[in-house]
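Enquirer: generate a structure from the sequence data that follows.
(one chain, ligands or ions: 1)
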Amino acid sequence: MAERSCFACKTKMEKSDLIRVVVDDSGIALFDLMQKIPQRSAYLCYNKNCLDKAEKMGREKGLGKFKFEKDENLQRLKKFLENRVKEKIRFLLLSKKTVIGLEETLSFLTDIKGILFADDISENTLKKLNNKSGDVLKIKLPFLTKEDFGALINKSELGVLGVKEPLVELEKICLFYENLFSQEH
Ligand SMILES: [Zn+2]
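Expert: Numbers count the residues shown, from 1 in each chain. The predicted structure is shown next:
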C-alpha cells in the first residue's frame with residue numbers, strides 16, 4: 001500500500017483515499033481521478049478546506065494557476081465521487097453487514113454503527129429516524145433518491161439502510177460532495 005501526504009494539511013493516507021491533482025501545461029490544475037497521468041502531481045484529502053487551501057498554496061509555490069473551477073473538471077470529480085459512494089454501498093451490501101429499511105434498522109439498532117438515507121425521504125421518515133436512532137451516525141446520501149438507492153438492491157425504492165460497521169470513509173466523501181456541490185440543489 002502506497003501512502004502519500006495531503007498537499008494542504010499534510011495528513012498521511014493511502015494513495016487511493018486521496019485525490020491526485022496534476023498541473024497541466026497551461027497551469028491549470030486537473031483532477032487525475034485514475035491516478036495515472038505522468039505529470040507533476042499533488043495529493044489532496046476529500047475535504048473542501050484542503051481543496052481551497054491547495055489552490056492558494058499552489059499559486060504561492062508557482063504551480064501555475066492551480067484553479068479547480070473548470071466546469072468539466074468539477075463535473076468529472078462529481079461523477080467520480082458518486083460512483084465511489086455507490087461502489088462502497090454495493091460492497092457493504094455484499095458483505096451482508098446491512099439492514100434494509102427504516103423499521104428493520106430501528107429494531108436492530110444495538111448492532112447498527114451508521115445509517116444511510118436517501119436524499120428525498122419524507123419529513124415523517126426523517127423525524128422518526130432522528131427521534132428513534134439516538135446518536136447513531138446518520139448520513140444523507142446527497143445525490144441518491146429513494147429510487148436510485150433502491151436500484152442498488154434491485155428494489156423499486158429504498159429510503160433507509162442500517163450498517164453494522166463504521167462509515168468513516170463514506171461520511172467524509174458525502175460531506176465533501178455536499179460542500180462542493182450543494183449549491184446546485
Ligand atoms: Zn488534507
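Enquirer: helix or strand next in line after the longest helix along the chain, which one?
Expert: Counting by DSSP state H, the longest helix found in the chain is helix 71-94. Using DSSP states H and E, the helix or strand that follows helix 71-94 in sequence is strand 98-100.
Enquirer: quickly run through the sheet partners of that next one, with directions.
Expert: strand 160-163 (antiparallel) (DSSP bridges).
Enquirer: export the strand it pairs with as PDB, just CAs?
Expert: Output in PDB follows, covering the C-alpha atoms of strand 160-163 (Å, rounded to 0.1, in the frame of the first residue of the first chain):
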ATOM      1  CA  VAL A 160     -33.000   3.800   4.800                       C
ATOM      2  CA  LEU A 161     -30.100   1.400   5.200                       C
ATOM      3  CA  GLY A 162     -28.600   0.400   8.500                       C
ATOM      4  CA  VAL A 163     -25.000  -0.600   8.500                       C
END
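Enquirer: related to what we said a few turns ago, pull out the buried residues from the longest helix of the chain.
Expert: 73, 77, 81-82, 84-86, 89, 92 (16 or more other Cβ atoms under 10 Å). For glycine as for every other residue, the C-beta is placed from the backbone atoms N, C-alpha and C.
Enquirer: now distance to the ion and pLDDT too, for those residues, in JSON lines please.
Expert: Converted to JSON lines, the buried residues of helix 71-94 look like this (distance: Cβ to the ion, whole Å; pLDDT from 0 to 100):
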{"residue": "73", "distance to the ion": "19", "pLDDT": "81"}
{"residue": "77", "distance to the ion": "15", "pLDDT": "91"}
{"residue": "81", "distance to the ion": "16", "pLDDT": "94"}
{"residue": "82", "distance to the ion": "21", "pLDDT": "95"}
{"residue": "84", "distance to the ion": "17", "pLDDT": "93"}
{"residue": "85", "distance to the ion": "19", "pLDDT": "94"}
{"residue": "86", "distance to the ion": "24", "pLDDT": "95"}
{"residue": "89", "distance to the ion": "24", "pLDDT": "95"}
{"residue": "92", "distance to the ion": "25", "pLDDT": "94"}
